[in-house]
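Colleague: sequence first, predicted coordinates after that:
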Amino acid sequence: MLPPLDPEDMEKIKIMTIQFAIKLALIVFVVLVAGCATLEEPPNTVTVKVQVPVPCIDKRVERPVFTLDTLTDAQIAEAAALNDYRLLMTLYDERKQRQKYEAEIEAQLKTCSEIPHAP
């Protein structure tokens, strides 16, 4: 068993404990302040330009119903036998309709084939 401590020793122990607590608090304070002082720099922002493929056609060109496509061979032969002028005008109208349809398709193909190149 330990001998009892006299009041002088008790006072020294209290002083040493207070000194140790102050030193410990000072060390903790210094570490915390040093940790706060070293802030990380924010990362640099890098802009990268990348071409993103997008559909070049908003909507498809609908194929029109051509006049001669709806007629049967018998109806065409009957029309030709009755009136050559009427058949000729029907063929002319269909040709104009087909030219318009082809022009729209070619315009879409040209738009899709002209992809801009990166500088």
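Modeller: Ah, there it is.
Colleague: what distance do you get for the residue positioned nearest the centre of the chain to residue 45?
Modeller: Central residue of the chain (Cα atoms, centre = their mean): residue 52, 8.1 Å from the mean position. As defined by Cβ to Cβ, to the nearest Å, residue 52 lies at a distance of 20 Å from residue 45. From N, CA and C alone the C-beta is placed, and that goes for glycine too.
Colleague: can you pull out the helices in this structure?
Modeller: Assigned helices in the chain, in chain order: 7-37, 67-70, 73-82, 84-113 (criterion: DSSP state H).
Colleague: turn those into TSV, columns for mean neighbour count.
Modeller: Formatted as TSV, these follow (neighbours: other Cβ atoms under 10 Å):
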stretch	mean neighbour count
helix 7-37	10
helix 67-70	10
helix 73-82	11
helix 84-113	12
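Colleague: measure residue 8 to residue 22 for me?
Modeller: For residue 8 relative to residue 22 (Cβ to Cβ), the value is 21 Å.
Colleague: same check on residue 91?
Modeller: Applying Cβ to Cβ to residue 91 and residue 22 gives a distance of 109 Å.
Colleague: could you do residue 6 as well?
Modeller: Using Cβ to Cβ, we find residue 6 at a distance of 25 Å from residue 22.
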